[in-house]
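In: One predicted model, sequence on top.
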Amino acid sequence: MDDRRESRIPRPGFGGGFAAGAKPLETSRNANTSAAGGLDRKRKAEAPADMTETKRPNFSASQGPARPTRSNTTGGRSTSLQQGASARAGPSHGQPANQLPPVMEEEGWDAIRDRTGQSEEQVLDKVATFSKGAKPERKVEAYISLVKEMRALAKHLKVARDRLAEESEQWKKSSEELSEKVEETQQKMAELAGLLSNLESRKDELEKLLAEKEQTVASLHMDLQGLKADLQRATQQLEDCNRKNAELEESCRTNMQYNSQLQGYNSQLQAQVEAEKVKRDELQRAKDELQGQVARLTGDFSSTKNQLALEREQVGKMREEREAAVRDLSTLRLDIDNMRVERERALAEAAKAKEDLEKLRAVGGRSLETLETLTNEKATMEAQMTLQQKLITSMREELAGAKQGQAMSDAQAETRAAQNAELKAQVENLQTALADAERRIYEGELMRRKLHNIIQDLKGNIRVYCRVRPVSSAEAADSSHDSEMSLDFPATGDLVERGLTVTVPSSSAGQAPQKHNFAFDRVFLPGTTQQNVFDEISELVQSALDGHKVCIFAYGQTGSGKTFTMLGNREQPGVIPRAMKQIFENGQRLAAQDWHFNMQASMLEIYNEDIRDLLSRKKDESKKHQVSHDSNGVTTVSELTVVDINRPETVEQLLAQAMEKRSVGCTALNEQSSRSHMVFIMRIEGHNKTTDVKVSGVLNLIDLAGSERVKESGATGLRLKEAQAINKSLSSLGDVIMAIANKQDHVPFRNSKLTYLLQPCLGGDAKTLMFLNVAPTREFAHESLCSLRFGAKVNACEINAPKKNVVVPRG
Ligand SMILES: Nc1ncnc2c1ncn2[C@@H]1O[C@H](COP(=O)(O)OP(=O)(O)OP(=O)(O)O)[C@@H](O)[C@H]1O
């Protein structure tokens, strides 16, 4: 128990120091210190004051000032020594004064220090000094006291050294513990330092972040300022807009007026065109008549010419004959002269013979025989002469007749020549009139083309014609169909033949059906004939012959009449056969103006985004066709059959062949539904040999696949895939038209095969018409609404003025 208490005694003042922070020791020390302090105070209170006085040694002045007796004045260390010493010297302190041992007995150091108030150093440095004459006993006493003090101090120091050794051990241990703790602490500190550096780096990051945030805040602030400024500007702009809006409304009103003027102008132009057409027809008729006359006159002329030639020939012959007759006559004359000479000679001879006969008679009647002979000769000669005279007379008559004939044929030839000259003059006049008529027809044609184009442009380059098919007999007869009409058409007002209203039954019971109004360039009612429909688009077909790129689409749900409109049937041919007929007829008509046309046709279908050649006679379906366009906008489809066509019958055969090949599948909506887009492409190259003008047009006629919504078609599997491909390409077509109309930088032609194929024919230099085919009954009202909405979007588009592909020779 004592040991433990002693071990807690603090180190003496001259030993080593405590490590800072050794708290347990410090706490014990304080406790003991206060306990010791309590004992000291008790002892002081109990010790008699005089005794303390007397036992204090008498030091000289060199000993230094005497220290106060309070233990705490020497600091903690002295206090501890006192405490330890007093603990051991306990019994001697606890005795009453009269029982104290004599001073010379062993007194502990603590007691000595308490008594004398000296410190250890003071005792060690103490030197015994005596005043002169001091008694030896006093000196001895002083020495004894000093020795005692020294001894007490020595003991005390020994005890203290031992304790110090022990304490040193303990301190060593605690030092080791401490160094362990220090290590731990250092580790912890290192960890903490790591943590701190982490924290510092984190702090740096956070500071950076903070700085960034501050920057962001600053930029946001600036943005806010900018936005405020923008807001102000926007407000300003809004005001401007409002003002402009008012101006626009005003200009809109003006435009509307202008528009109605334009419409007036348009109708005037149309009237002009009609008048021009009438004139052209009249001119054509006049030309035909003139041509007939010319042909007749040319016939007359050539027959007269032939006759004249014949007559000339005859006259020539007659001349020859006359000349021959003249020659004969002169020969005859010569003969007559000869005969005359002969006769005269014969007469002379006869006279001579007579004379001779007379002489002979006279001579005696000699030579009777000779006389008879001579008489006979004379008679023969006279007969000959008579004959020759007759001959001469008849030849004279013939000559006179020939002369008369020649005079007549000369007169006839003159008449004919006069007639010929007249006919020539007439032919020349007619030829001049014909050239004039041809020139006027050519000018009329140019004017027609110009006006035609103006009208086409005024009508817009994308036109939408809605065609409503009649209710089929099957629909009317079958009660499972809702064959009530869902479409109404205005009977009066501006929208006659242009507007329609679709009434869509509500999907939820009890709700009223909804009405939607639409207006298009033209609406064909159910009874409209194929010819009426074609009449409305024939001008567009004509444009292809004039050198434009033209696309005519048929869009609509399955069974709405697309194929009927585009192809029709034998009795009611549709747009494609009629267009072919018109192109051929007009091509032939233009041949009179020296135009020569080359036409080529191809037919393909796009099925599931693959191209199939509909005119190929091969059965290989796996062939892949690539589409490419050159810089002139000429499209090529690799390995596609191209057929030269020179008569409409060829087209009929091609169409029949193509229809057999076209992909047909069944959906819940139509058992014979075409599941592909069919594209008929006709290229027309024209050349005017007189003017050397060249034109190059393309006519694309497209029967699109059914547009019904995938869900409605009830399709699954392959049919579902087909329906999805169809929907994608139809919506791509819509997107392309919108992008062109909105003048977007990028037009997504490549989003589908169809739009990529038709790219050059869908841009600014092309004319597009879309037939919007709709079924009339309530059963299809929802699909009709979708088709009408699509058409309305397309109809709202306006495309640049088209460019004609015409090459005019230089000079
Ligand atoms: N205007 C019309 N007059 C008379 N009959 C019509 C008319 N339009 C369509 N039809 C008839 O309606 C039926 C369906 O028409 P059509 O085959 O042309 O539809 P479709 O839209 O081409 O369908 P699909 O997408 O399946 O090819 C046909 O029997 C057709 O003869």
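Out: Structure received.
In: Pull the residues that contact stretch 502-509.
Out: Surrounding stretch 502-509, the residues in contact under the criterion C-beta atoms under 8 Å, 6 or more residues apart in numbering are 486-488, 512-516, 518, 774, 778, 781-782, 784-785, 788. In this view, the C-beta of every residue, glycine as well, is placed from N, C-alpha and C.
In: Please apply the same query to stretch 590-601.
Out: Applying C-beta under 8 Å, 6+ apart, the set of residues contacting stretch 590-601 is 438, 441-442, 445, 545, 583, 587, 615, 642-646, 651, 654, 680-691.
In: could you dump that stretch to CSV, C-alpha only?
Out: Presented in CSV, the C-alpha positions along stretch 590-601 are these (Å, rounded to 0.1, in the frame of the first residue of the first chain):
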residue,chain,number,x,y,z
LEU,A,590,-47.0,17.3,-133.1
ALA,A,591,-45.3,15.3,-135.8
ALA,A,592,-47.0,17.7,-138.2
GLN,A,593,-44.9,20.4,-136.6
ASP,A,594,-41.7,18.4,-137.1
TRP,A,595,-41.6,17.0,-133.6
HIS,A,596,-40.3,13.5,-133.2
PHE,A,597,-40.8,11.6,-129.9
ASN,A,598,-39.0,8.6,-128.4
MET,A,599,-40.8,6.9,-125.5
GLN,A,600,-39.6,4.2,-123.1
ALA,A,601,-41.5,2.5,-120.3
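In: tell me the mean pLDDT over it?
Out: Model confidence over stretch 590-601, given as mean pLDDT, is 89.
In: list the buried ones in that stretch?
Out: Within stretch 590-601, the residues that qualify as buried are 590, 595, 597, 599, 601, counting by 16 or more other C-beta atoms under 10 Å.
In: now do stretch 607-616
Out: Applying 16+ other C-beta under 10 Å to stretch 607-616 flags 607-608, 611-616 as buried.
In: ok, the closest residue to the ligand within the stretch 351-500 of the chain - contacts?
Out: Scanning the stretch 351-500 of the chain for proximity to the ligand using C-beta to the nearest ligand atom identifies Arg469 as nearest, at 3.4 Å. Arg469 is in contact with 526, 560-561, 564, 773-776, counting by C-beta under 8 Å, 6+ apart.
In: Recalculate using a threshold of 7 Å.
Out: If you count contacts by C-beta atoms under 7 Å, 6 or more residues apart in numbering, Arg469 has them with 526, 560-561, 773, 775-776.
In: just curious, which of those residues is nearest to the ligand?
Out: Within the set of the contacts of Arg469, Gly561 lies nearest the ligand; the separation is 2.8 Å, counting by C-beta to the nearest ligand atom.
In: Okay, now the unreliable bits of the stretch 601-750 of the chain?
Out: With pLDDT under 70 as the threshold, the stretch 601-750 of the chain has low-confidence stretches at 619-621, 663-674, 709-716.
In: hey, where'd the helices end up in it?
Out: With DSSP state H, counting those that start in this stretch as the definition, the stretch 601-750 of the chain shows helices at residue ranges 648-661, 710-713, 717-741.
In: Now look at the first one and say if it contacts the ligand.
Out: No - against the ligand, helix 648-661 shows no contacts by C-beta under 6 Å from any ligand atom, the least distance being 11.0 Å.
In: now do the last one
Out: No - with C-beta under 6 Å from any ligand atom as the criterion, the ligand is not reached by helix 717-741; the gap is at least 9.6 Å.
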